[in-house]
Each structure stands twice: as structure tokens, then as C-alpha cells.
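# Return a 3D structure for these sequence lines:
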Amino acid sequence: MARAKTLHVCSVNRDGPKRHACQKAHDALDAAGHSYETNVFDQNRPFGLFTSGKRPELKRMTGQEKLPVLELDDGTMIIGSGDIAEWAERTPPGV
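Reported below is the predicted structural model:
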């Protein structure tokens with residue numbers, strides 16, 4: 001059985017300004033009709049400030065420490081709100 005897609009976000013999650021990267025990723029996935037789970041990855045660093053060396057698990061998963069990250073069913077990682085939005089637009093829901 002395939003795992004659900006997971007959007008890893010900072011603590012801003014859906015409560016931040018529309019221009020915040022994590023909010024943009026949510027908006028893009030929702031607009032395209034994708035279903036996914038949300039994982040608030042880092043409660044203490046909402047804007048990626050001072051994250052260098054502070055997100056070792058994220059670095060192990062993706063090779064970098066910035067959010068948002070979309071983890072697909074097959075384990076593929078899409079990093080950054082722009083790439084997540086592009087993927088959401090070109091990929092039919094349910095894929």
C-alpha cells in the first residue's frame with residue numbers, strides 16, 4: 001500500500017502570510033486538488049531563520065534544511081514552494 005503524500009512545513013503552516021513559502025505550497029496543492037498529510041517539521045524556526053545545522057533530520061532526508069518539502073508516495077522529495085507548485089499543476093490528483 002502506498003504512503004500518503006506529506007507536506008513538511010514550518011510552524012507557520014497555514015497561519016502565515018499568503019507569500020510565506022509553506023502557505024504557497026498548501027495553496028498550490030489544494031488548488032490542484034491533491035490530497036496530502038501535513039507535518040509541521042520545526043516548531044521553533046518559522047521563517048527558516050538560523051536553521052543552519054538545526055534540522056539534521058531534514059538534511060538527512062533531503063540534503064538541505066529549508067522548508068517546505070513535499071514527500072511523494074514513492075519517497076521522492078520536492079523541495080521549495082515553486083517546485084511544489086509546478087509539480088501540483090502538472091500532476092493529476094491521485095497520482
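# Can you give me the buried ones in stretch 22-39?
Along stretch 22-39, these residues count as buried under the neighbour rule (16 or more other CB atoms under 10 Å): 22-26, 28-29, 34, 36, 38. Using the backbone N, CA and C atoms, a C-beta is placed for each residue, glycine as well.
# Name the residues that touch the helix or strand containing Thr38?
Element membership of Thr38, judged by DSSP states H and E, is strand 37-42. Strand 37-42 is contacted from outside by 4-11, 13, 26, 51, 54-55, 58, 67, 69, using CB atoms under 8 Å, 6 or more residues apart in numbering.
# Now rank those by neighbours and give me the top one.
Tallying neighbours with other CB atoms under 10 Å puts Leu67 at the head of these, with 29 neighbours.
# how near is Gln23 to Phe41?
Per CB to CB, to the nearest Å, Gln23 is found 15 Å from Phe41.
# Return the backbone torsion pair for Leu72.
Backbone torsions of Leu72, given as degrees, to the nearest 10, read phi -80, psi 170.
# now the helices for this protein?
Ranges of helices within the chain are 21-31, 56-62, 81-90, based on DSSP state H.
# hey, least reliable of those helices by pLDDT?
Lowest mean pLDDT of the helices of the chain: helix 56-62, a mean of 87.
# returning to that earlier point: and the strand holding Thr38 with helix 21-31, angle?
For strand 37-42 against helix 21-31, the angle by axes from the mean of the first three to the mean of the last three CA atoms, to 10 degrees is 180 degrees.
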